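*Asks:* Here's my sequence, what's the structure:
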Amino acid sequence: MHIPPEILFLILLALLFDFLNGFHDSANSIATVVSTRVLSPRYAVMWAAGFNFIAFFLFGDHVAKTIGKGIIDIAVIDNSVIFGTLMGACGWNIITWYLGLPTSSSHALIGGLIGAALIKVGPVGLVWGGISKTVVFIFVSPLVGLLLGLLFGTIVYWVFRRSAPLKVDHVFRKGQLLSAALYSMGHGGNDAQKTMGIIASLLFSAKLIDHFYVPKWVAIICYLAIACGTMFGGWRIVKTMGQKIAKLKPVDGFCAESGAAVTLFMASAMGVPVSTTHTITGAIMGVGSRRRLSAVKWGVAGRIVWAWIITIPSAAVISAIAYSFARYIFH
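*Replies:* So this is what the prediction gives:
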């Protein structure tokens, strides 16, 4: 396959977004395991990155199809739209990373698609079914994570209610390695597919593939990019996720990661591009509130929720500006 230089540039830009996604969201994978001191930050990111890539062998491409043709009409997509989309998503990711806010790379990407499509053809270019499903899950995924984190916490604390605290701590320090691995697989399986969908739609719009599908080489480079991003980590966000929302013990980290992992596995099976950030935040809040509501620092949680709400429109604005410039560059 001969790839023109402008398409190759956009593929590299998409991989940069994928890298930033892993970099930005690495905190979601490792915050609990680091804050409970089960693993050092260095080993935690290596652990998470490895299982990010292993997800390639376990998940299909349902989420990639939703992103590639379920948010905006695939007929609208061209080089300028992809450029605007990626600039909107990358720009918002960098801004929120700098501010230490665990916002959603997924919703930044969706906002980018919406912003570029609106400038190009207006509301007619939007696929409202896919957008509404995604918006609904902005609220559903953290709620499900919260309820599952609370449920797992309640069950585990009841099962181990007569055990010595030191024994419980010893068991779940090892258990957290499993739950962190499962969560990292869920993260890779849902998030890497979003970039796969962008690149596949780009190849289709450029007539480099005859129908919409995700070539194997695209899947491999996307999983590698997100794993590399996770390796580098986002330490500003680790502090917020691991320490500012609720104080965690290894047993709490295990329950939060398990609840979030189950949520991500279900969402990926349904083809819903959910936010891994929203999911793990909800699960941490659920586990923290099991002890008492005051264990959750609701002021910090409220600030995070506001960042969630403004992500799609903010990324859309950046994307719209980038698209306006790009259409004079890409002819």
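*Asks:* what about the stretch 51-200 of the chain, any weak spots by pLDDT?
*Replies:* Within the stretch 51-200 of the chain, the ranges that satisfy pLDDT under 70 run 102.
*Asks:* Strands of that one, start to end?
*Replies:* Secondary structure of the stretch 51-200 of the chain (DSSP state E, counting those that start in this stretch): no strands located.
*Asks:* From the opening residue of stretch 96-110 to its closing one, how far?
*Replies:* Criterion C-alpha to C-alpha, to the nearest Å; first-to-last residue distance in stretch 96-110 is 16 Å.
*Asks:* Likewise for stretch 93-111?
*Replies:* Stretch 93-111 has an end-to-end distance of 12 Å (criterion: C-alpha to C-alpha).
*Asks:* Going by neighbour count, list what's buried in it.
*Replies:* For stretch 93-111, burial by neighbour count (16 or more other C-beta atoms under 10 Å) applies to 93, 96-97, 100-111. Glycine gets a C-beta too; all of them are placed from N, C-alpha and C.
*Asks:* Same question for stretch 194-207.
*Replies:* Under 16+ other C-beta under 10 Å, the buried positions of stretch 194-207 are 194-206.
*Asks:* Counting by contacts, list what the longest helix seen in the chain packs against.
*Replies:* In the chain, assigned by DSSP state H, the helix with the most residues is helix 165-205. Contact here means 3 or more C-beta pairs under 8 Å, 6 or more residues apart in numbering; DSSP states H and E; on that basis helix 165-205 packs against helix 5-35, helix 41-54, helix 62-69, helix 79-99, helix 105-121, helix 216-232, helix 250-270, helix 276-291.
*Asks:* Out of these, the one nearest Ala322 is which?
*Replies:* Nearest to Ala322 among the helices and strands packed on helix 165-205 is helix 79-99 (3.6 Å), distances taken as C-beta to C-beta.
*Asks:* Output the helices and strands packed on helix 165-205 in a markdown table, with distance to Gly130 appended to each entry.
*Replies:* Formatted as a markdown table, the helices and strands packed on helix 165-205 follow (distance: least, C-beta to C-beta, whole Å):
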| stretch | distance to Gly130 |
| --- | --- |
| helix 5-35 | 19 |
| helix 41-54 | 25 |
| helix 62-69 | 6 |
| helix 79-99 | 14 |
| helix 105-121 | 9 |
| helix 216-232 | 20 |
| helix 250-270 | 12 |
| helix 276-291 | 18 |
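*Asks:* Show me the one of those that comes nearest Ala307.
*Replies:* helix 79-99 (6.5 Å).
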